[in-house]
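Chemist: Next comes the sequence, and after it the predicted model I'd like to discuss.
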Amino acid sequence: MKQEQLPQIHLVRDTDLGVFAYELHILAGDFLRESEFNLRSLAANTGPDSITIMGKKHIWFADALSAYYPTGELYRVAAMTEYPGARAFLFHTERKEDGRLYGDVLMMDLDTLRQDIERNTLYPYGVSMEYRDGTKAEAGIEKWEAMELYQKDALKNWRYLYAPEQVTEWQHSYLDRFSQWREQAFSYMPQDLEERLNTEYMLAAENPDTDMYRIPLGTAKQMLLDGDPVYRLFPGGPEKVAPIAAVTGLWYEFYREFAVTPEDLGALDRLVRRETDRIMGIRPQPDKSQERRPSPER
């Protein structure tokens, strides 16, 4: 199973969406710098559906509607991303418990999502404008496009208008499509899918070791500060990093790729839960469970 390519659409059922999202940022690539903004976006989303687009060097997160109207950030990202390995993750929240969001996640190639966006794009009927003196007005699309640039610059702010019934219809259609994709998808446990993604991340390293899990530099530093084992990937094989490296200048030497062993995934899980709680503003609860990850065999 680990040798074959991932199926086109894959599903993770009933998982902690915040934890899964954070782990995408550190196990599928070095996206740690974007984790705070993206997880806060997930927590702040008032609707049940969010979409993540993962490119080679960046990961974008927003409410699902943003991918379907031309003025939305994700719409532009989906249209402009040329990385052939780009993926889309569709998050659907089912419930909230103790501040945590639980639900399903679909992963698919970006082209599959692009095709659906092209078929179901929402177009605005007009523009709401506010002038600097506080006056408000609306304009149709044709009038807006005919306005000169200096006229638009004179506005305090403006936004596109979408018919409420059109948005409501899209919401129902999107839920139907999500359900259809879910029925077609191959089911994975979250740790299994993360392991597959991490293998790709590891193989992209200069000195890969597929018996270990690759982590970004920032995560390696956090683990060292917590007193947990971290290894640096050298040409001759991984070597354990001294804890003092977390506060010295060793981070700027060559070989800045790091990893942990399967036996140390429990420590990584604790870090992920702590950071997820901090970013999403969740009050930590006493953890009565044991380490959730078994030591996997590769």
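Modeler: Alright, I've got the coordinates.
Chemist: Can you verify Trp60 is assigned to a helix?
Modeler: No - counting by DSSP: H, G, I helix; E, B strand; the rest coil, Trp60 is not found in a helix; it is strand.
Chemist: Can you give me the neighbour number for it?
Modeler: The tally of other residues near Trp60 (other CB atoms under 10 Å) stands at 23. Just so you know, the C-beta spots here come from the backbone N, C-alpha and C atoms, and that holds for glycine as well.
Chemist: From Leu11, how far out is it?
Modeler: Remark: distance between Trp60 and Leu11 (CB to CB, to the nearest Å) = 21 Å.
Chemist: do you know how far Pro164 is from Thr121?
Modeler: Distance, Pro164 to Thr121, by CB to CB: 17 Å.
Chemist: Between those two, which has more neighbouring residues?
Modeler: Higher neighbour count among Pro164 and Thr121: Thr121, with 14 against 8, using other CB under 10 Å.
Chemist: which ones are touching the nearest residue to that one once chain neighbours are set aside?
Modeler: Spatial nearest neighbour of Thr121, excluding adjacent residues (CB to CB, 6 or more residues apart in numbering): Tyr68 at 6.0 Å. The contact partners of Tyr68, by CB atoms under 8 Å, 6 or more residues apart in numbering, come to 75, 117, 120-122, 170, 174.
Chemist: With Gly72 instead?
Modeler: Going by CB under 8 Å, 6+ apart, the list of residues near Gly72 reads 62, 65-66.
Chemist: tell me the strands in this structure, going along the chain?
Modeler: Taking DSSP state E as the criterion, the chain carries its strands at 9-16, 49-54, 59-63, 87-97, 100-109, 126-131, 136-140, 155-161, 186-188, 213-215, 231-234, 237-240, 258-260.
Chemist: which parts of the fifth one are buried?
Modeler: Going back to what we said before, that points to strand 100-109. Of the residues in strand 100-109, 100-108 count as buried by neighbour count, 16 or more other CB atoms under 10 Å.
Chemist: could you dump the residues you listed to TSV with pLDDT?
Modeler: Below are the buried residues of strand 100-109 laid out as TSV (pLDDT from 0 to 100):
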residue	pLDDT
Arg100	93
Leu101	95
Tyr102	97
Gly103	97
Asp104	98
Val105	97
Leu106	97
Met107	96
Met108	95
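Chemist: Per-residue pLDDT of the residue nearest to Ile282 when sequence neighbours are not counted, please?
Modeler: The spatially closest residue to Ile282, leaving aside those adjacent along the chain, is Gly99, at 4.0 Å (CB to CB, 6+ apart). Model confidence at Gly99, given as pLDDT, is 89.
Chemist: out of the buried residues of strand 100-109, who's nearest Lys136?
Modeler: Distance to Lys136, by CB to CB, is smallest for Leu101 among these, at 35.7 Å.
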